[in-house]
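[1] structure for the following, please:
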Amino acid sequence: MRRSPLRRPTPRRAGGTTLRSDDGAVQFTLAPAANGVFVERIAMRGDAARVVQSVLFTDSRSFDRWCDTDATRFDYPVLYVRLKHDGDALFSSDTG
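    Predicted structure coming up:
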């Protein structure tokens, strides 16, 4: 049985969480940062290509807009809901 590269353990960021689609095609890591919320999106393209996107969001509004334009919203609706929920929770817990 061949393993998807996203099945390998990924480095954890302090206070962060990792969300992954059931088929391993897409993964999000969210973590609090000094200026907002850090998000890393990893998507598998075919058997070999891996696309990594890293973004630092400084406000929840820009995070919500980014989530709403991501294909995950339609391809993995349950993952999309978890992503929005966990991201909003990180912004809500920001006390500084």
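[2] what's the pLDDT at the residue sitting nearest the centre point of the chain?
    In the chain, the residue lying closest to the centroid (CA atoms, centre = their mean) is F28, at 2.2 Å. Note on F28: pLDDT of 97.
[3] also P9?
    Confidence at P9, expressed as pLDDT, is 44.
[4] same check, this time on G46
    Reported pLDDT for G46: 78.
[5] contacts only, for the residue nearest to the centre of the chain.
    By CB atoms under 8 Å, 6 or more residues apart in numbering, the contact set of F28 is 18-20, 39-42, 72, 79, 83. The C-beta positions use only the backbone N, C-alpha and C, and glycine is treated the same way.
[6] for stretch 62-78, measure first residue to last.
    Distance across stretch 62-78, first residue to last, is 21 Å (CA to CA, to the nearest Å).
[7] which strands and helices sit next to whichever strand or helix holds Y80?
    Under the criterion of DSSP states H and E, Y80 resides in helix 77-92. When contacts are defined as 3 or more CB pairs under 8 Å, 6 or more residues apart in numbering; DSSP states H and E, helix 77-92 packs onto strand 17-20, strand 26-33, strand 36-45, helix 60-69, helix 72-75.
[8] make CSV from the ones you listed and add distance to D88 to it.
    Below are the helices and strands packed on helix 77-92 laid out as CSV (distance: least, CB to CB, whole Å):
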stretch, distance to D88
strand 17-20, 13
strand 26-33, 10
strand 36-45, 9
helix 60-69, 6
helix 72-75, 15
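[9] closest one to F91 among these?
    Proximity to F91 (CB to CB) singles out helix 60-69 among these, at 4.1 Å.
[10] so how far is F91 from F57?
    Distance, F57 to F91, by CB to CB, to the nearest Å: 8 Å.
[11] between these two, what contacts are shared?
    By CB under 8 Å, 6+ apart, F57 and F91 have these common neighbours: 36-37, 63.
[12] may I ask which of those residues has the most neighbours?
    Taking other CB atoms under 10 Å as the neighbour criterion, V37 ranks highest of the shared contacts of F57 and F91 with 25 neighbours.
[13] what's opposite it in the beta bridge?
    Per DSSP bridges, the residues bridged to V37 are P32, F57.
[14] tell me how far it lies from S62.
    Counting by CB to CB, the gap from V37 to S62 is 10 Å.
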